[in-house]
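*Asks:* I would like the atomic coordinates for the input below:
(one chain, ligands or ions: 1)
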Amino acid sequence: MTSPDLVTRPQWQALKKHFAQSGQQHLRDLFAADSTRSERFTVEACGLYLDYSKQRIVDQTMRLLRELAECCGVPERIQAMFRGERINTTEKRAVLHIALRAPAGEKISVDGRDVVEDVNTVLDRMAEFCEQVRDGTWLGHSGKRIRNIVSIGIGGSDLGPVMAYEALRHYSRRDMRFRFVSNVDGTDFVEATHDLDANETLFIICSKTFTTLETMTNAHAARAWLLKQSGTEHAIAKHFVAVSSNAEEVQKFGIDSAHMFRFWDWVGGRYSMDSAIGLSTMLAIGPDHFRQMLAGFHAMDEHFRSAPLERNLPVLMALLAVWNNNFLAAATVAVVPYDQYLKRFTAYLQQLTMESNGKHVTLDGKQVGYATGPVYWGEPGSNGQHSFFQLIHQGTRIVPCDFIGFGQPLNALGDQHDVLMANLIAQGEALAFGKTADQVRAEGTDEALVPHRTFEGNRPSNTILAAKLTPHALGTLVALYEHSVFVQGVIWNIDSFDQWGVELGKQLARKTIAELSPKTLPNLSHDSSTNALIRRYRQLRDSDHPGGVA
Ligand code: F6P
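*Replies:* You can find the predicted model right below:
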């Protein structure tokens, strides 16, 4: 069904007019005029506290944004997702990551089959396997305990597991080593395995399709590495397991289906960290903690499904993202977690947000006439303050920020947690209120330096607080972003669940690989730059003196 162009909708036009009339109001004035602002623009749910009062909005902005969400069918599309409709239209698939964390007994059907039962069967198998590895019942082929887990995957089959392992490292088994290999650059595999004893190492090959070039290349390298050290094919059964939706390819690779943990085509790669793709997470933190994480995801799912739009955390985050992206014309978003354990959180979000909403056509295939997904980036605080924050405070672009922090530290060290959180709180304040030239002068600053030391402020941010970084809290946080991404996609009328944009590069790489390997250069039919790069690469590779010095 063709939907009306977003920008011609009266609700969009009303927002445009509203922005033209009041979009430049300064946060300084908005706060001064309204002592209840912080209360009114704060929402709490599932243990997360979202303060969005430092966004450049007023009541009318939020009302108009909600009207936009309603006319774009956000409430209906949320329900359609939960019903298991095929809302990933270009791949004709249901989108049911919410079923991965639905409690046993709940019913969600795909083609008449209850998928929650399937999910729980896999979860039980994962738990049994993880207990066996963790308690030493599962031994390597030589009878040694498994002490090293190497997870091989890429994209959604890597970023979620890496992020979750780092985020929940505090809860992990410290007598086991967890390594992750994703890059087809041999360095990744070599560095991850150079100090490991193959007899104590378990490889988890994570790939939804089990055909991804990088993952299969690394999986074969792992196989060769194991065989070289163990000297027998029999070792494979005890040292390799697979996580995939493609049983046939798993078997072809030589992994028995008894050692395969399944997931399904209705789980998108970037929405899969709580499926069997999280096997390394479960091995690290144990089945109980893993289930607590799932409960956190589920709590946010229920909130998302049932809370009214004005108190719905993912919907609010999405509406603010649309406001910043399309009306304030902010092309990027910085996500800055003030927690060292969340050091890979932004990298994980980059795939979630940009592979989902980096789209240029609508669901009906028409060129969009507005900006879609912004660029996500960031680093943990307070490190980021000493690198890129200069631009956020005084640069010429607006960079909305999400600050994430916790009330209680997992590693209390003197008053360091207070220092950390004081920095988080101060950044939002500095960005919103800035410092006027008069304030700078009042400090006795040399007049020539006044412009340099002035902060215009009015730079928007969200602050998300939770009590403590627990598995449950991580689940709620990830689900918050997952659903926010979906709502943004609904408003932009794009398919947030496909990823056709990654295909062209893959096809061309395959063609180029075939041109790099033969001894003699084949006929090249690319553009002149690509042809020259291929020639130069081959020359450098084959030269006895690649640095040009004998
Ligand atoms: O190339 C992008 C992508 O298809 C992602 O969407 C996916 O998460 C990743 O590759 C890995 O895919 P697979 O799990 O099938 O190996």
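*Asks:* Which residues does stretch 249-266 contact?
*Replies:* 84, 93-96, 99-100, 110, 115, 118, 122, 125-126, 129, 205, 208-211, 216, 219, 223, 233, 236-237, 240-245, 247, 272, 275-277, 279 (CB atoms under 8 Å, 6 or more residues apart in numbering). Yep, even glycine has a C-beta here, placed from its N, CA and C like the rest.
*Asks:* when you scan stretch 504-512, is anything in it near the ligand?
*Replies:* No: shown here: stretch 504-512 not in contact with the ligand (CB under 6 Å from any ligand atom), separated by at least 6.7 Å.
*Asks:* Correction: the previous question concerned stretch 132-151.
*Replies:* No: Stretch 132-151 lies out of reach of the ligand by CB under 6 Å from any ligand atom, never closer than 11.9 Å.
*Asks:* what's the span of that stretch from first residue to last?
*Replies:* Taking CA to CA, to the nearest Å as the measure, stretch 132-151 stretches 18 Å from start to finish.
*Asks:* list the buried ones in that stretch?
*Replies:* Neighbour-count burial for stretch 132-151 flags 133-134, 138, 140-141, 145-151 (criterion: 16 or more other CB atoms under 10 Å).
*Asks:* Please, which helix or strand holds the nearest residue to Cys71 once chain neighbours are set aside?
*Replies:* Nearest non-adjacent residue to Cys71, counting by CB to CB, 6 or more residues apart in numbering: Gln11, 5.0 Å away. Gln11 is part of helix 10-22, with elements assigned from DSSP states H and E.
*Asks:* got the contact list for that helix?
*Replies:* Here helix 10-22 has contacts from 6-7, 58, 60-61, 64-65, 67-68, 71, 323, 327-328, using CB under 8 Å, 6+ apart.
*Asks:* roughly how far out does the helix or strand just after it sit from the chain middle?
*Replies:* Using DSSP H and E, the next helix or strand after helix 10-22 towards the C-terminus is helix 27-33. Chain-centre distance of helix 27-33: 34 Å, with CA atoms, centre = their mean, to the nearest Å.
*Asks:* One more: stretch 37-49?
*Replies:* 23 Å.
*Asks:* Measure how buried whichever residue of the stretch 251-400 of the chain sits closest to the ligand is and give me the count.
*Replies:* At 2.6 Å from the ligand, Gly269 is the closest residue in the stretch 251-400 of the chain, using CB to the nearest ligand atom. By other CB atoms under 10 Å, 25 other residues sit near Gly269.
*Asks:* Give me the pLDDT value at it.
*Replies:* The model reports Gly269 with a pLDDT of 97.
*Asks:* still on that earlier bit, nearest to the ligand, of the contacts of helix 10-22?
*Replies:* Leu6 (25.6 Å).
*Asks:* how deep is that closest one tucked in, by neighbour count?
*Replies:* Using other CB under 10 Å, Leu6 has 20 neighbouring residues.
*Asks:* and it, what does it touch?
*Replies:* Contacts of Leu6 by CB under 8 Å, 6+ apart are 12, 72, 368-370, 491-493.
*Asks:* Using JSON lines, please lay out the residues you listed together with pLDDT, neighbour count and distance to Glu166.
*Replies:* Formatted as JSON lines, the contacts of Leu6 follow (pLDDT from 0 to 100; neighbours: other CB atoms under 10 Å; distance: CB to CB, whole Å):
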{"residue": "Trp12", "pLDDT": "98", "neighbour count": "23", "distance to Glu166": "40"}
{"residue": "Cys72", "pLDDT": "98", "neighbour count": "22", "distance to Glu166": "36"}
{"residue": "Val368", "pLDDT": "97", "neighbour count": "16", "distance to Glu166": "35"}
{"residue": "Gly369", "pLDDT": "96", "neighbour count": "10", "distance to Glu166": "40"}
{"residue": "Tyr370", "pLDDT": "97", "neighbour count": "14", "distance to Glu166": "35"}
{"residue": "Ile491", "pLDDT": "98", "neighbour count": "25", "distance to Glu166": "32"}
{"residue": "Trp492", "pLDDT": "98", "neighbour count": "23", "distance to Glu166": "31"}
{"residue": "Asn493", "pLDDT": "98", "neighbour count": "21", "distance to Glu166": "35"}
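*Asks:* Which of these fall in helices?
*Replies:* 12, 491-492 (DSSP state H).
*Asks:* circling back: residues near the residue nearest to Cys71, how many?
*Replies:* 17.
*Asks:* how much space is there between it and the ligand?
*Replies:* As for Gln11, its distance to the ligand is 32 Å (criterion: CB to the nearest ligand atom, to the nearest Å).
*Asks:* and the gap between that residue and Leu196?
*Replies:* Using CB to CB, to the nearest Å, Gln11 is found at 57 Å from Leu196.
*Asks:* From the opening residue of stretch 304-315 to its closing one, how far?
*Replies:* Note: stretch 304-315 ends 8 Å apart using CA to CA.
*Asks:* That stretch: which residues count as buried?
*Replies:* Quick answer for stretch 304-315 (16+ other CB under 10 Å): 304, 307, 309, 312-315.
*Asks:* Might you report the residue contacts of the residue nearest the centre of the chain?
*Replies:* In the chain, the centroid-proximal residue (CA atoms, centre = their mean) is Leu349; its distance is 2.4 Å. Applying CB under 8 Å, 6+ apart, we find Leu349 in contact with 335, 376, 481.
*Asks:* just to revisit the earlier point, and the contacts of helix 10-22 as TSV, adding pLDDT, distance to the ligand and secondary structure?
*Replies:* Shown next, in TSV, are the contacts of helix 10-22 (pLDDT from 0 to 100; distance: CB to the nearest ligand atom, whole Å; DSSP: H, G, I helix; E, B strand; the rest coil):
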residue	pLDDT	distance to the ligand	secondary structure
Leu6	97	26	helix
Val7	97	29	helix
Val58	98	39	coil
Gln60	98	39	helix
Thr61	98	34	helix
Leu64	98	34	helix
Leu65	98	30	helix
Glu67	98	34	helix
Leu68	98	29	helix
Cys71	98	31	helix
Trp323	98	28	helix
Phe327	98	30	helix
Leu328	98	30	coil
